[in-house]
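Novice: I'll drop the sequence and a predicted model, then ask my questions.
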Amino acid sequence: RINNADVMDIPVGQWAHVDVAAGLGEQSSGTWDLTVRLPGGVVREFRHLPNRSRDWKTLNWLGFVSNETRATVFYLDNIELANQ
């Protein structure tokens, strides 16, 4: 879900590659970009998504959560956090 809208399904039991990019500090534009690469070469890009707050300019916490209401599992691998 992005901004309360269902935009795509991620296949169960397969890896997906997710890239998130957002400017911080003086480079903050008030938006962020999301690219999802699925098995089989399917790529979905979501550009210039609005930040929840236009005042957001620093990353103080990074976490991964599931909104599922049933017992579930998801795996994370090769996490890279870079300041470019």
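Specialist: Ah, there it is.
Novice: neighbours of A22, how many?
Specialist: As a burial measure, A22 scores 17 neighbours (other Cβ atoms under 10 Å). Using the backbone N, CA and C atoms, a C-beta is placed for each residue, glycine as well.
Novice: wait, it sits on L34?
Specialist: No. Using Cβ atoms under 8 Å, A22 makes no contact with L34, being 9.6 Å away.
Novice: wasn't F46 part of a strand?
Specialist: Yes. Counting by DSSP: H, G, I helix; E, B strand; the rest coil, one finds F46 located in a strand.
Novice: what's the separation between the nearest residue to W32 once chain neighbours are set aside and K57?
Specialist: Leaving aside its chain neighbours, W32 sits nearest to A22 (3.8 Å; criterion: Cβ to Cβ, 6 or more residues apart in numbering). For A22, the distance to K57 (Cβ to Cβ, to the nearest Å) stands at 10 Å.
Novice: what do these two both touch?
Specialist: Residues touching both A22 and K57 (Cβ atoms under 8 Å, 6 or more residues apart in numbering): S28.
Novice: residue closest to the middle of this structure?
Specialist: V20 (4.9 Å; Cα atoms, centre = their mean).
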